[in-house]
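K.L.:
Here is a sequence together with a model predicted from it:
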Amino acid sequence: MKGSPMIDPWRATCMQVYTHILNRVSTREDAMAIVNKSLDRWTELVGAATRRDEKQVMLFPEFALQGFPIHESAEEWIAKACFQIPGPETERLQKLAQDNKIYIGANSYEYDPEWPGRYFNTSYLIDDTGEIILKYRRINTAHSASPHDFLDKYLDRYGIEGMFPVAKTPLGNIGMMPCGEIMYPEAARALTFRGAEVILHPTSDYGADDNWSWQSAKKVRASENMVYLISANAGGMPEAYRGINDIAGQSRIFDWEGRVLTQGPSPGESLRCSALIDVEALRRVRSTRGGFNRLAQARPEAYAALYASTSLYPVNRFADKPMESKKVIRELLDEALDNMRDQDMLPPAK
Amino acid sequence: MVQPWTATCMQVYTHTVNSATTREEAMAIVNSSLDRWVTLAKGTARGAGPYVLLYPEFALTGFPLLETAEEWIEKACIEIPGPETSKLQKAAQDLKCYIGANSYEKDPEWPGRYFNCSYLIDPSGDVILKYRRINTVHTASPHDFMDAYLDRYGLEGTFPVAKTPLGNIAMMPCGEIMYPEAARMFMFRGAEVLLHPTSDHGAADKWGWESAKKVRASENMMYLISTNATGQIGTFIPEGQTLGHSKIIDFHGRILADVGGPGESTVASATIDVEALRRERRIPGAGNRLLRQRIEMYRPLYNQSSFYPPNAFADAPMDSKTRIMELQEEALANMVEAGVVNLPDTGD
């Protein structure tokens, strides 16, 4: 079999920035002033990180231009904080990518006129011509609606390719997946089954410690799927209601064996987490037979039946109309709990 | 209410049978190991119980190296239950404890095949759970005759979970830790405690293998009890490839006990509180990883993804491990075709 065209090693940089949240302002105008101020800083940092002699991917953290909805209803959050992607706010990032001839990965709360009343946690990749070449909407949300809440329609509209997009680029095959999806092995698995060689992981997590084995999970996703994992965490949330450093940096880059290639400081703004990504080396290992080739030995058919017969969080619950407020999620979690009892994962309620 | 109980990792040496030429010689080695195991069990299960004692993966024999399937079955495989496990069954009965172990199994129902089988013995001495490894490294697996296997055992028998007075217990050996679907299945089937008999590096975090133990426990919110062997004695493989560090991990991935090194040891021992786990699983909120699983989203991809050929030994058992390399070639070709693996540029 003939090989794919050679890919020279390229540089990945985690843009570990502060997240300036929008929860403390009430109008879109005030909110966009904060967004644009952040983008001014991002522009400076991209300039500082750009190297003329290397192909580069720069990854910003999860929802780092907005924060996440707290007291806002869905309608309020969409009106005040959400972007269209592409749209006026991402245009600045697109121009940055074009001007500096780099790829930029980011994540923002998105509003899409095709789905009125809904918002998405969207990870997106801009190529070195300024085009948005990938958009992935988070499925395992912590306390927001997700494409799973109207799965049938979503799948019908985008297909498997659009639900789990992988961009085939001159740098290799790139997928994206944010933050807490790291705790759900199926998320990275799906991108791997779709061909991802590099997973960009914009995140907004503790960073510093291994609570819930969250940091270990980054390592393990990289190794079990034999992918590079580039995980850019925010350096802090200076205006947060909770601890400013509950989000505490330590962005990391892992190779396909789960080795840490580099890591940023904790907490704080930093561009130190930067490493060369060698997709050819990964391809060589993936295409070698042996006991260590985790992918070549995977037997997904053995599991399809139980995936098909198990259901926990109720599906298609916002199919007819969007989620109005995060409060409804609590009821759905109670239902999930009942489902666990029904499927013998918990003892019956007393 | 499930009372707290004690789990102990029985970190022992694996005295291999590869150099033995007859079954008689091999079983002499097995029985000598079993005597030592029972001595260690007696020394361990004598405090406040109940106890679950877990021995490492294939620690009575080692694994087939140069042997053909026929030779390995003849020389080293045991029936479960059978004459060899009866020593462990009697120990469980005498000590009123649970004993988990893993052995290469032959089953008259499947002539010509052998299994990497994890099994659990209850305090009455019965074998109450048998799980046959699916993600094998270089041997055949139930996936190699999956249709016939599922037909015979169903999902319940393929992914067994024992409902015991200590909670719901499942087993999964060694390298299956690197396949997230394996532990996932047991969680789907109700497991609260996963026994992980292993024979792995132990010491370093190569491939994120040690991290994977923590992550399986946390992502599935289950206890994980992982007993590693300390050295495989008597083969051309260096003894230090298997270096102990048995450990017990809670449902948030926290390490409760760790031998911390190689050597025969029962130091990794901890209290398992299944009621605490049930409480955590019942709390709705962002911290509950189980409740928020949106499984349906992934079904289409699991339904259509196929790389390593299933049912490859449906008609006849695998005769020799050399066949596995051919199957991996096929898996790779399937992955290249699916765009999952891109071949490197070889300059051709």
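P.N.:
Received it, and whenever you're ready, just let me know what you need.
K.L.:
which residues touch residue 265?
P.N.:
Using chain A here. Contact partners of A:Pro265, counting by Cβ atoms under 8 Å, 6 or more residues apart in numbering or on different chains, are A:Gln16, A:Gly249, A:Gln250, A:Arg272. All C-beta atoms are positioned from the backbone trio N, CA, C, and that covers glycine.
K.L.:
Wait, chain B was what I had in mind.
P.N.:
B:Cys9, B:Gln11, B:Thr230, B:Gly244, B:Ser246, B:Val259.
K.L.:
Can you flag the buried ones in the contacts of A:Pro265?
P.N.:
Among the contacts of A:Pro265, those classed as buried by 16 or more other Cβ atoms under 10 Å in any protein chain shown are A:Gln16, A:Gly249, A:Gln250.
K.L.:
Contact partners for B:Val193?
P.N.:
Counted by Cβ under 8 Å, 6+ apart, B:Val193 has contacts B:7, B:52, B:166-170, B:222-225, B:272, B:274.
K.L.:
and it, what are its phi and psi?
P.N.:
The phi/psi pair for B:Val193 (degrees, to the nearest 10) reads phi -130, psi 130.
K.L.:
Can you name the residues that contact the spatially most central residue of chain B?
P.N.:
For chain B, B:Pro173 is the residue whose C-alpha lies nearest the centre (Cα atoms, centre = their mean; 1.5 Å). With contacts defined as Cβ under 8 Å, 6+ apart, B:Pro173 is in contact with B:Glu57, B:Asn102, B:Asn116, B:Ser118, B:Arg133, B:His196, B:Pro197, B:Thr198.
K.L.:
what about the fourth one, which SS state?
P.N.:
Going back to what we said before, that points to B:Ser118. Three-state assignment for B:Ser118 (DSSP: H, G, I helix; E, B strand; the rest coil): strand.
K.L.:
again with the first one
P.N.:
Of the three states, B:Glu57 takes coil under three-state DSSP.
K.L.:
host element of B:Asp187?
P.N.:
Actually, residue B:187 is Met rather than Asp. helix B:180-188 (DSSP states H and E).
K.L.:
wait, I meant B:Arg323
P.N.:
helix B:322-337.
K.L.:
quick check: domain ranges of chain B?
P.N.:
B:5-296, B:301-337 (automatic domain parsing).
K.L.:
Confidence-wise, which of these is weakest overall?
P.N.:
In terms of mean pLDDT, the lowest-scoring of those is domain B:301-337 (a mean of 90).
K.L.:
Give me the contact status of that domain with chain A.
P.N.:
Yes. Using Cβ under 8 Å from any Cβ of the partner chain, domain B:301-337 comes into contact with chain A via B:301-308, B:310, B:325, B:328-329, B:331-333, B:335-336.
K.L.:
one step back: so of the buried ones among the contacts of A:Pro265, which ones are in helices?
P.N.:
Per DSSP state H, helices hold no members of the buried ones among the contacts of A:Pro265.
K.L.:
Pick the one among those residues closest to A:Ala167.
P.N.:
In terms of Cβ to Cβ, no member of those lies closer to A:Ala167 than A:Gln16, at 23.1 Å.
K.L.:
Run through the bridge partners of that closest one.
P.N.:
Beta bridges link A:Gln16 to A:Ser270, judged by DSSP bridges.
K.L.:
thought it was touching A:Ser231?
P.N.:
No. Between A:Gln16 and A:Ser231 there is no contact under Cβ atoms under 8 Å: 10.2 Å.
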